[in-house]
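**Student:** Sharing a model that was predicted from the sequence below.
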Amino acid sequence: MKLLTKCTTLMLAAFLAGCSEETQHAGGNQPEPGGTDDAGRREVLLTLKNKLALKPVATKAETIATADENAIETLDVYVFASESEAGDNYTLLQRFAYRAEAEATLPAGAEELQLAVDDDNDETTTGLLKVKKGLFVKLYCIANNTMLVDPASGDGTPLTDAAFTPLVLSEADGNNPAKIVAPGQPSESIFKTYHTALLSATVPGDTLCTPLAMSGAQTTPLDLTDLGSSARVQTGFKLTRLAARFDIVNNAETSRFTIQTISMGNGRPGATFFPKRIYRTL
């Protein structure tokens, strides 16, 4: 007898260091080389160092790492910025969003992001961000998870788009750098406390299904303070899963027993994104 578990009612207390045996499907167009002539923005070429499927595809149950698990159905990129490179004063600058479904509605205030598999290296997926100039920036990516919860709320209600407000910059010229007139919301430090929606074992439909949530970040600040430069900046990192998936394979003829039920102990109802950690005890 063979049993393949694709959904679990609780998150496990283990994380996978990246995706294994991913399946790649081409999608989108590769960005043209070079930079932008936009006086107020710099191009940042984001490279996700995973071999990922950009659209949900049919899969076979016998496959250990299925294509629909590794698909990117949604990807949200949060850009945090500060006037100074060091310190804990980074706040939200921009938000970019990718949705696999063409009819899907982007979050309010988010700019559309196009993803494409690298033709020269199918182990990577790329996306081009046009980020505002004048500040130091950090990038945070969350895939396949559009509901974020602020633990400070206390009630577990997911945040709405109104919780994400970009910072306000002053006008800049060649002699005077841009200044932050009003900070964005949330701050980087608050954003890093957010966690996934909590699952409950007592709710039959409350399950963790594919594609699995992933996250990754560029926490070394990118210097976009040079207003005169239009050269493209490149950055890359891996998306890693927030939960572990497990398979139980049993050959009844060889083992002489048949699996009828499965239980799991020491599970957790959720996880944080940055860093990836189990959230809340049983």
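**Tutor:** Arrived safely, thanks for sending.
**Student:** thought residue 190 was touching residue 150?
**Tutor:** Yes - the pair residue 190 and residue 150 qualifies as a contact (CB atoms under 8 Å) at a distance of 7.4 Å. Where you see a C-beta, it was placed from the backbone N, CA and C, and this is true even at glycine.
**Student:** Overlap in contacts, those two.
**Tutor:** Applying CB atoms under 8 Å, 6 or more residues apart in numbering, one finds that no residue jointly contacts residue 190 and residue 150.
**Student:** Show me which of the two is the more surrounded one.
**Tutor:** Higher neighbour count among residue 190 and residue 150: residue 150, with 18 against 14, using other CB atoms under 10 Å.
**Student:** how about the helices of the stretch 1-150 of the chain, start to end?
**Tutor:** The residue ranges that make up the helices of the stretch 1-150 of the chain, judged by DSSP state H, counting those that start in this stretch, are 67-70.
**Student:** which secondary structure element contains residue 234?
**Tutor:** strand 233-237 (DSSP states H and E).
**Student:** Can you list the helices and strands that the helix or strand following that strand packs against?
**Tutor:** Proceeding N to C from strand 233-237, the next assigned helix or strand is strand 240-241, under DSSP H and E. Judged by 3 or more CB pairs under 8 Å, 6 or more residues apart in numbering; DSSP states H and E, strand 240-241 is in contact with strand 214-223.
**Student:** Which other helices and strands does the strand it packs on contact?
**Tutor:** Counting by 3+ CB pairs under 8 Å, 6+ apart, strand 214-223 packs on strand 136-143, strand 233-237, strand 240-241.
**Student:** what lines up beside the shortest one in the sheet?
**Tutor:** Going back to what we said before, that points to strand 240-241. Sheet pairing here is set by DSSP bridges, and for strand 240-241 it gives strand 214-223 (antiparallel).
**Student:** And the contacts of the strand it pairs with?
**Tutor:** The list of residues contacting strand 214-223 from outside it, by CB under 8 Å, 6+ apart, reads 19, 44, 48, 82, 85, 136-145, 233, 235, 237-242, 273-274, 276.
**Student:** The same query, at a cut-off of 7 Å, please.
**Tutor:** Contact partners of strand 214-223, identified using CB atoms under 7 Å, 6 or more residues apart in numbering, comprise 44, 85, 136-144, 233, 235, 237-242, 273-274, 276.
**Student:** shaky segments in the stretch 51-200 of the chain?
**Tutor:** Judged against pLDDT under 70, the low-scoring parts of the stretch 51-200 of the chain cover residues 53-68, 119, 121-122, 172-175.
**Student:** Strands of that one, residue ranges please.
**Tutor:** Shown for the stretch 51-200 of the chain, the strands assigned by DSSP state E, counting those that start in this stretch span residues 74-82, 91-99, 111-112, 115-117, 125-132, 136-143, 148-149, 168-169, 180-182, 195-196.
**Student:** Please consider this matter closed, and thank you.
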